[in-house]
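Engineer: sequence first, then the predicted structure, then my questions.
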Amino acid sequence: MNPPPFPETEEQEPVFSDMGDGDSDEGEDIFLGSSPSVPQPNIKAEPTDLFGEQEARSAAPDLGTDGNSNGVHSDDDNDLFSDAHVELPTEKASGSAASGPRPAATFGPGTTDMQSKSMEQLEEEEAKDTFDVDVAVTNPEKVGDGMHAYMAYRVSTKSTLPMFRNKAFSVRRRFSDFLGLYEKLSVKQSLHGCIIPSPPEKSVVGMTKVKVGKDDPSSVEFVERRRAALERYIQRVVAHPLLLQDPDVREFLERDELPRAVNTQALSGAGFLKMINKASDAVNKMTIKMNESDTWFEDKFQEVETEEQQLRKLHIVVDSLVNHRKELCGSTAVFAKSMAMLGNSEDNTALSRALSQLAEVEDKMEQLHQEQAASDFFILAELLADYIRLLGTVRGCFGQRMRAWQRWQEAQSTLQRKREAEAKLLWANKPDKLQQAKEDITEWESRVTQYERDFDRISVTVRKEVLRFEKEKAKDFKIQIFKYLESMLQSQQRLIKFWEAFLPEAKAIA
Amino acid sequence: MEEDKTGTSSTLSVSATSIKVTEVSKDGDALTFIIVSQKLSGTGEYHVDRTYEDFEWLQQHLFSLEDVPGIQGIIFPPLPAKAQLNPSAKLVKQLGLLATGENWMLYCKALEAYLQQVAAHNTLNKTKDLETFLTSAEPPGRQKVKKGIFNRLSQAVEGIRKEGHKDVDEFFKTERDHNFTLTGFSKTAAERFLEVVLTEQKIAMACGHFAASLQLCVEAGEDPDMQTFSKMCVKISEVMVSMKSNVQKVAENNVSTLGLGLDLESRYQEAEKEMLFRRTCKLVELETASRNAERAKPVKKAAMDEIKRAAEKDFDHTSGVAKQEIARFQRARVDVLRQALIQWCEQQLLTAKDSAELYKQHLQAFRGPASSDPSS
């Protein structure tokens, strides 16, 4: 029996928008158990795993104690630069095989002392257990009425970092605030080449239902899905050492009232994808062929593209699994009802009792299936979806590097032209124009130097970011899979209890 | 061969509970079933091969047993619908749960139940036809069923409106109502259980797809972070394979225990319904004959009275047999359901325990060597 062919890749739409159709008279929500806000499966409802685990574990990102008052690396470009430079050999030392020789960028000798000091520090930091920021997104609440209504979420932060005013605080934010943060971060020159996590996508369908005030299961699920996605988004942001220092991020976490973000048009689902593809297209459509002295970037880009495709395929499969589980909930509930009716009509007392018990067992199993579907979705499907988007962002970073390279190349061409122009002028003997030409050359010479530096810097950043990203990804997946396995085990254990309770009932039939 | 003279004194030479339908072989579109039964005296067993037409032959001959007063009061063990290789959608729907088992194993079990029920029935098991069916090396005559016999006992088309005819007996009135309810509910329950099983099969397939897709993500290479990721994909794939086989086993358990039980219950309730209907038809006959006898002109009176007496006798015999059959049926069905429920529960419990153990091992393997190494 051959598996059916994979359907076309599609944009991520809320999985639940058609859920309501199936069991219309059930009115039962698949994802809300008895707890009001967090229908996640029987795992402790702590703000994500990424955090909880990191607190317990290792491989802390580079929050250093280099003596600065805010406890974090300074914003100084030079420090950033040399740190980035130094970290590569560190990573070599700790066992991750560097995928190639050092990047093309070279630095002045003055940094050698700094190198060894920072290397030690960084090695120390890698081994440290602490991760000092804990963020959660909770309590979605509808504010206002009708089409101008919106959901507000509570963003709570706990931190021992001195850069925050308090140790624990919370603010209310709306969806557009999260988008606005991303918008601000993604245009910063200082963060160029960084893998900036992206927020969940806009959804007109989902939000309209919520605004209109429908309290049906699919709206509730939509809100929960969004809340969880926003939480993972902001947690990834604060997990990034550079982003954590960013004043906009701090403002997002701390400031009571945030000015309304306006430029979020570009960040609808389709808009985001377009942005990414435009950036990564730069890599593919190069007018001037780049001669990479080191194939690391080409190879990595290829890997990233391949992986993104693979995850997309996986996501489709997991989606189908989630849907079938939901179907199973429905058919189990319906079956339970018919067994209850059979039990009620049964004359034989013991048989009647057993059949009614059977109906109850099936009801409990329906609950179990709901939780398993939630597991499938929140642990697996959303994980894949997040990483598909993140990989897109990574592609975008490569694109940014490419653009930086192009800018440098174009500046070199321009400089060449200016020099030729000067030569011509020398020959033609036009002294006043010559002065202008000389000034032009000076300007473009400095530009060339600047752009070359920019390119080197972004190359280093991209490389460092990708390595960090891969580490985080491996860890993230491991944590999620572990959670999933635990939930699978728990389901079986509960099933065992159900069956053990039912057996005597069946045996009692006479 | 025409209708056999059915001797009432012949006894079955094999043990009813030992009858097994052990195999099915495919011959073109047709299925052939191997039936094994143990001799009652001495050791030894009979092996015969039969097609569905042979089963039909048997059923028809049971319907047309002679010298059994009140035969229409018998609840005939129900024969499942004919199974075919490459069944049409309509047939699949008709067969319901019986079409889901692997290699028609479930269907074989249903045929087996049928034979055991016939062999255990004190009136039906006396026919030579059953003995021939179970023991003769030659297939019993495989001709087309004679229409006449068939119609004598099944619901005639014009009889449908008789179904609601009021009863004279409180016992039967209650039984008819009760049977009506149970027939509906048990059929629904069986259909809905089938839906559950089909969805479980879909989930198993999706797990399989997931496992296969994960294998495609495995990359060769030296980069340790890529390696970690690849190793993880392999592990998740293994987990998914476990999950797939768990769900498959759950579906199998469902179908082979409770599914079979519900299917049998549903078909047996239908069989009772047919019997009750036949009796109701007899009642109508009797009432008609009584009215005719009352209104008969003196010239015809004696003849009409005779008809009425015959109808009355027939009806009484039928009702008598029916009462016994109903009592027997009530006991038997409780037994069947009890068995089904116990087996279902035991098998699912075992499967759940096995799966829990397997998942525990996966968790261990997952935690295991990597847990002390922070960077992997």
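Structural biologist: Cool, the structure landed.

Engineer: which residues of the stretch 51-200 of chain B lie near chain A?
Structural biologist: Residues of the stretch 51-200 of chain B found near chain A (Cβ under 8 Å from any Cβ of the partner chain) are B:178, B:181-182, B:185-186, B:188-189, B:192-193, B:195-196, B:199-200. Where you see a C-beta, it was placed from the backbone N, CA and C, and this is true even at glycine.

Engineer: go again using 7 Å as the cut-off
Structural biologist: When proximity is defined by Cβ under 7 Å from any Cβ of the partner chain, the stretch 51-200 of chain B lies next to chain A at B:181-182, B:185-186, B:188-189, B:192-193, B:195-196, B:199-200.

Engineer: mind putting those into JSON lines with secondary structure and neighbour count?
Structural biologist: Converted to JSON lines, those look like this (DSSP: H, G, I helix; E, B strand; the rest coil; neighbours: other Cβ atoms under 10 Å in any protein chain shown):
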{"residue": "B:181", "secondary structure": "helix", "neighbour count": "16"}
{"residue": "B:182", "secondary structure": "helix", "neighbour count": "23"}
{"residue": "B:185", "secondary structure": "helix", "neighbour count": "22"}
{"residue": "B:186", "secondary structure": "helix", "neighbour count": "26"}
{"residue": "B:188", "secondary structure": "helix", "neighbour count": "19"}
{"residue": "B:189", "secondary structure": "helix", "neighbour count": "27"}
{"residue": "B:192", "secondary structure": "helix", "neighbour count": "21"}
{"residue": "B:193", "secondary structure": "helix", "neighbour count": "26"}
{"residue": "B:195", "secondary structure": "helix", "neighbour count": "16"}
{"residue": "B:196", "secondary structure": "helix", "neighbour count": "26"}
{"residue": "B:199", "secondary structure": "helix", "neighbour count": "22"}
{"residue": "B:200", "secondary structure": "helix", "neighbour count": "23"}
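
Engineer: next one: phi and psi at residue A:171?
Structural biologist: Here is the backbone geometry of residue A:171 (degrees, to the nearest 10): phi -140, psi 170.

Engineer: what mean pLDDT does stretch A:435-448 have?
Structural biologist: With pLDDT averaged residue by residue, stretch A:435-448 scores 90.

Engineer: and residue B:287, how many neighbours?
Structural biologist: 16 (other Cβ atoms under 10 Å in any protein chain shown).

Engineer: same question but for residue A:502, I mixed them up
Structural biologist: The number of residues packed near residue A:502 is 22, by other Cβ under 10 Å.

Engineer: can you tell me the element it falls in?
Structural biologist: helix A:431-507 (DSSP states H and E).

Engineer: does any bit of that helix sit next to chain B?
Structural biologist: Yes. Helix A:431-507 comes into contact with chain B (Cβ under 7 Å from any Cβ), by way of A:470-471, A:473-474, A:477-478, A:481-482, A:485-486, A:488-489, A:492-493, A:495-496, A:499-500, A:502-503, A:506-507.

Engineer: SS state for residue A:156?
Structural biologist: Going by DSSP: H, G, I helix; E, B strand; the rest coil, the secondary structure assigned to residue A:156 is strand.

Engineer: ok, of the residues of helix A:431-507 next to chain B, which come out buried?
Structural biologist: A:470-471, A:473-474, A:477-478, A:481-482, A:485-486, A:488-489, A:492, A:495-496, A:499, A:502-503, A:506 (16 or more other Cβ atoms under 10 Å in any protein chain shown).

Engineer: what ranges does chain A have for its helices?
Structural biologist: A:19-22, A:49-56, A:77-93, A:112-127, A:175-186, A:204-212, A:217-239, A:241-245, A:247-254, A:269-284, A:296-345, A:349-374, A:382-428, A:431-507 (DSSP state H).

Engineer: how about the ones you listed in CSV, adding distance to residue B:219?
Structural biologist: Putting these into CSV (distance: least, Cβ to Cβ, whole Å) gives the following:
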stretch, distance to residue B:219
helix A:19-22, 36
helix A:49-56, 24
helix A:77-93, 20
helix A:112-127, 25
helix A:175-186, 29
helix A:204-212, 36
helix A:217-239, 24
helix A:241-245, 28
helix A:247-254, 34
helix A:269-284, 20
helix A:296-345, 8
helix A:349-374, 30
helix A:382-428, 14
helix A:431-507, 12
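
Engineer: test my guess that residue B:40 contacts residue B:13.
Structural biologist: Yes. Contact criterion Cβ atoms under 7 Å: residue B:40 and residue B:13 qualify, at 5.7 Å.

Engineer: which helices and strands does the helix ranked longest in chain B pack with?
Structural biologist: With DSSP H setting the assignment, residue counts place helix B:298-367 as the longest helix in chain B. Using 3 or more Cβ pairs under 7 Å, 6 or more residues apart in numbering or on different chains; DSSP states H and E as the contact definition, the elements that helix B:298-367 packs against are helix A:349-374, helix A:431-507, helix B:224-254, helix B:260-295.

Engineer: could I get those helices as TSV with distance to residue A:397?
Structural biologist: Supplementary listing: these in TSV, determined by distance: least, Cβ to Cβ, whole Å:
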stretch	distance to residue A:397
helix A:349-374	33
helix A:431-507	5
helix B:224-254	17
helix B:260-295	59
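
Engineer: to residue A:180, which of those lies closest?
Structural biologist: In this view, these are compared for proximity to residue A:180 by Cβ to Cβ, and helix A:431-507 is the closest at 22.7 Å.

Engineer: which other helices and strands contact the helix or strand harbouring residue B:177?
Structural biologist: Under the criterion DSSP H and E, the helix or strand holding residue B:177 is helix B:170-216. For helix B:170-216, the elements it packs on are helix A:296-345, helix B:224-254, helix B:260-295, judged by 3+ Cβ pairs under 7 Å, 6+ apart.

Engineer: which of those has the lowest mean pLDDT?
Structural biologist: Going by mean pLDDT, the lowest-scoring of these is helix B:224-254, which has a mean of 89.

Engineer: which stretches of the stretch 101-250 of chain A have low pLDDT?
Structural biologist: Under the criterion pLDDT under 70, the flagged ranges of the stretch 101-250 of chain A are A:101-131, A:213-214.

Engineer: now with 90, please.
Structural biologist: Along the stretch 101-250 of chain A, the model assigns pLDDT under 90 to residues A:101-134, A:140-151, A:159-167, A:176, A:183-184, A:186-193, A:198-225, A:241-245.

Engineer: ok, back up a step: which among the helices of chain A is found nearest to residue B:210?
Structural biologist: helix A:296-345 (4.7 Å).

Engineer: distance of the closest residue to residue A:326 other than its chain neighbours from residue A:318?
Structural biologist: Residue nearest to residue A:326 in three dimensions, not counting chain neighbours: residue A:373, with 5.3 Å by Cβ to Cβ, 6 or more residues apart in numbering or on different chains. Taking Cβ to Cβ, to the nearest Å as the measure, residue A:373 falls 11 Å from residue A:318.
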